[in-house]
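Enquirer: After the sequence you'll find the predicted model.
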Amino acid sequence: MELRQLEAFAAVMSTGSVTAAGRVLGRSQPAVTRLVQELEAEIGYPLFSRNGPRVSPTEQAFLLFEDVEHALQSLQQIRRRAKEIEHGLKRPLHMLATSALSSGLIPAALALLEKSGHQPTVSQIHLRSASPERVAHGVLTGSAQLGVTSLPLDHRGLQVHWIAEAPCVAVLPENDPLARLDVVPLAELAQRRLITMANPYRLLGRLDDAFAAASTPEQAAAQQFLKTNSSVNAMAAVRAGLGVSVLEPVTALGLPLQGIAVRALDTHIPFLFGMVSQQTTPFTPAMDALCNALTEAARALLPGFVLHDASKHAELLLQHAVPPTPAAAHPFPEQEEENPQ
């Protein structure tokens, strides 16, 4: 199995045709076809079904592409590092974060880091967004030194440096009657079409518990849902009038959209996220500076922000949303830090 074969396969998968893949790679169409055929002969099964000039990936091709893409990205990283060494440059700090955190929080943290004058400089940081599962995988395999993602983070080999908590918020069209309120009753949202996240292993479970407590069985059975994998998608759907949403506060407050209103809820539904590195990787001063900038940015952005000790991971995951209480009269009550580090 040769690198040229894998590159040809990945290019066809990404562009959708052998001709386009040839243009991307700077090779002729027959050369790309030959490389793909050689790879198919090597692995023993077809990667594309062919209908004249058109090709369609097989199911096996989609399964293989995920690993090939990761391997080629790793190779590109090696090439970049070789160039950096050639020119005497320090190794960049590679970060992986979920899309919500990479867009809603990390830019503010990098701005704080740049103002402070601490190392690393912003130009020495490489940031990529990925799903929570890929963030954990990237840190565990060493393709990223730092990861910022939502809980759970109970992976063997990961060092959790801190866990942050902030209350979820209601996201409404700005002309919605509920947008006139400072604090939105969760029971009111239980009667509306809800735009929510699709991943059942993270925030969705806490949302389900909260709505079950705030709804009658009849309301729960009648409620309609529109599910998505992105908070930005959910906010755009709210703006289009497709429903209301209860979202993690990082995107709602850190990347606000015109035409929507963000309000506190009368029910505390915690959004939990943390910063991780590989257990065997030394925590450098540059990583520590970035860690501190992230906590400072989160504290400034998120009302009700609480910083937990990493040892509380299991305890926090067992928490559920609490019933509405009169204490929620203030839209975003201040909370003390818990075991900051």
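Expert: Right, received. Where do you want to start?
Enquirer: excluding its backbone neighbours, what's nearest the residue positioned nearest the centre of the chain?
Expert: In the chain, the centroid-proximal residue (CA atoms, centre = their mean) is T98; its distance is 1.7 Å. Distance criterion CB to CB, 6 or more residues apart in numbering; nearest residue to T98, sequence neighbours excluded, is T149 at 5.0 Å. In this view, the C-beta of every residue, glycine as well, is placed from N, C-alpha and C.
Enquirer: just P270 next, same as before
Expert: E165 (4.9 Å).
Enquirer: tell me which element the one you found falls in.
Expert: strand 158-167 (DSSP states H and E).
Enquirer: CA atoms of the helix or strand following that strand as CSV?
Expert: Next in sequence after strand 158-167, counting helices and strands by DSSP H and E, comes strand 169-173. Provided in CSV are the C-alpha atoms of strand 169-173 (Å, rounded to 0.1, in the frame of the first residue of the first chain):
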residue,chain,number,x,y,z
VAL,A,169,-29.8,29.3,28.1
ALA,A,170,-33.1,29.7,26.1
VAL,A,171,-32.7,30.9,22.5
LEU,A,172,-35.7,32.5,21.0
PRO,A,173,-36.7,34.6,18.0
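Enquirer: so what does the following helix or strand past strand 169-173 touch, helix or strand wise?
Expert: Under the assignment DSSP H and E, the closest C-terminal helix or strand after strand 169-173 is strand 183-184. Packing partners of strand 183-184 (3 or more CB pairs under 8 Å, 6 or more residues apart in numbering; DSSP states H and E): strand 260-265.
Enquirer: Would you state the strands of the stretch 51-200 of the chain in chain order?
Expert: Remark: strands assigned in the stretch 51-200 of the chain by DSSP state E, counting those that start in this stretch are 54-57, 93-97, 125-129, 146-150, 158-167, 169-173, 183-184, 194-197.
Enquirer: Of all those strands, which one comes closest to S231?
Expert: S231 lies closest, by CB to CB, to one member of the strands of the stretch 51-200 of the chain: strand 194-197, at 7.5 Å.
Enquirer: ok, and what's touching the closest one?
Expert: 203-204, 207, 211, 223-229, 231, 234, 237-238, 242-246 (CB atoms under 8 Å, 6 or more residues apart in numbering).
Enquirer: Turn the strands of the stretch 51-200 of the chain into CSV, including mean pLDDT.
Expert: Output for those, formatted as CSV (pLDDT from 0 to 100):
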stretch, mean pLDDT
strand 54-57, 86
strand 93-97, 91
strand 125-129, 90
strand 146-150, 93
strand 158-167, 93
strand 169-173, 97
strand 183-184, 96
strand 194-197, 88
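Enquirer: TSV for the ones you listed, including distance to V139 and mean neighbour count?
Expert: Compiled in TSV, these are given as follows (distance: least, CB to CB, whole Å; neighbours: other CB atoms under 10 Å):
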stretch	distance to V139	mean neighbour count
strand 54-57	29	15
strand 93-97	7	23
strand 125-129	12	16
strand 146-150	4	26
strand 158-167	6	21
strand 169-173	28	25
strand 183-184	36	21
strand 194-197	22	22
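Enquirer: Same list, those, but as TSV with distance to E66 please.
Expert: TSV is the format used below for the strands of the stretch 51-200 of the chain (distance: least, CB to CB, whole Å):
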stretch	distance to E66
strand 54-57	12
strand 93-97	16
strand 125-129	16
strand 146-150	19
strand 158-167	21
strand 169-173	32
strand 183-184	40
strand 194-197	22
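Enquirer: Among those, which comes closest to L72?
Expert: strand 125-129 (14.5 Å).
Enquirer: Can you tell me which helices and strands the closest one packs against?
Expert: Counting by 3+ CB pairs under 8 Å, 6+ apart, strand 125-129 packs on strand 93-97, helix 99-104, helix 106-116.
Enquirer: run the last query once more with 7 Å
Expert: Strand 125-129 is packed against strand 93-97, helix 99-104, with contacts defined by 3 or more CB pairs under 7 Å, 6 or more residues apart in numbering; DSSP states H and E.
Enquirer: The residue nearest to M235 when sequence neighbours are not counted in helix, strand or coil?
Expert: For M235, ignoring the flanking residues on the chain, the nearest one in space by CB to CB, 6+ apart is L257 at 5.0 Å. Under DSSP: H, G, I helix; E, B strand; the rest coil, the three-state class of L257 is coil.
Enquirer: close enough to count as contact, L257 and A240?
Expert: No - with contact defined as CB atoms under 7 Å, L257 does not count as touching A240 (10.6 Å).
Enquirer: So between the two, which is more surrounded?
Expert: Between L257 and A240, counting by other CB atoms under 10 Å, L257 is the more crowded of the two (15 against 11).
Enquirer: Contacts only, for that one.
Expert: 235-236, 239 (CB atoms under 7 Å, 6 or more residues apart in numbering).
Enquirer: can you pick the most crowded of those?
Expert: M235 (23 neighbours).
Enquirer: unless I'm mixing things up, that residue is touching Q258, no?
Expert: No - using CB under 7 Å, M235 makes no contact with Q258, being 10.5 Å away.
Enquirer: quick one, helices of the stretch 201-341 of the chain?
Expert: Along the stretch 201-341 of the chain, the segments classed as helices by DSSP state H, counting those that start in this stretch run 203-214, 217-222, 231-239, 249-254, 285-301, 313-317.
Enquirer: for the fourth one, packing partners?
Expert: With contacts defined as 3+ CB pairs under 7 Å, 6+ apart, the packing partners of helix 249-254 are helix 99-104, strand 169-173, helix 231-239.
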